[in-house]
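**Q** need coordinates for the below:
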Amino acid sequence: MIASLIILGYALLLYWGLREIWKQRRISEAICYILLVGWCAYLSLAKLFHGPLITLVSLHRILLTPLGIWLKQWMEGGAGG
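**A** Reported below is the predicted structural model:
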């Protein structure tokens, strides 16, 4: 029941916000708005159901930290590829 209310709330928020953005015909802002509302809905539902919370910090740790370590090793002349 709570999940249904969360989804309904985000759907209404998405509809209300997109209606105003589409009136001004701003496609890039509409795409950003959709992504932002979708991300917020995902975080809310993941927290509710104790699912994996993939945040910007976790994406940084998964993607950029190994790349930084590899670049540091490469620039120091060590092995790494």
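**Q** the closest residue to residue 51 other than its chain neighbours: what's it in contact with?
**A** Closest residue to residue 51 apart from its sequence neighbours, by CB to CB, 6 or more residues apart in numbering: residue 45 at 7.2 Å. For the C-beta atoms, the positions are set from N, CA and C on the backbone; glycine is no exception. Contacts for residue 45 (CB atoms under 8 Å, 6 or more residues apart in numbering) come out as 3, 6-7, 51.
**Q** which helix or strand contains residue 40?
**A** Using DSSP states H and E, residue 40 falls within helix 27-48.
**Q** domain assignment for this protein?
**A** For the chain, automatic domain parsing gives the domain ranges 1-50, 53-81.
**Q** tell me which of the ones you listed sits most buried.
**A** By mean neighbour count, with neighbours taken as mean count of other CB atoms under 10 Å, domain 1-50 ranks first of those at a mean of 12.
**Q** quick revisit: now for the contacts of residue 45: which two are most distant?
**A** 7 and 51 (14.5 Å; CB to CB).
**Q** quick one: the helix or strand of the chain with the lowest mean pLDDT to chain centroid distance?
**A** Lowest on mean pLDDT, DSSP states H and E among the helices and strands of the chain sits helix 56-59, with a mean of 83. The chain centre lies 9 Å from the centre of helix 56-59; the measure is CA atoms, centre = their mean, to the nearest Å.
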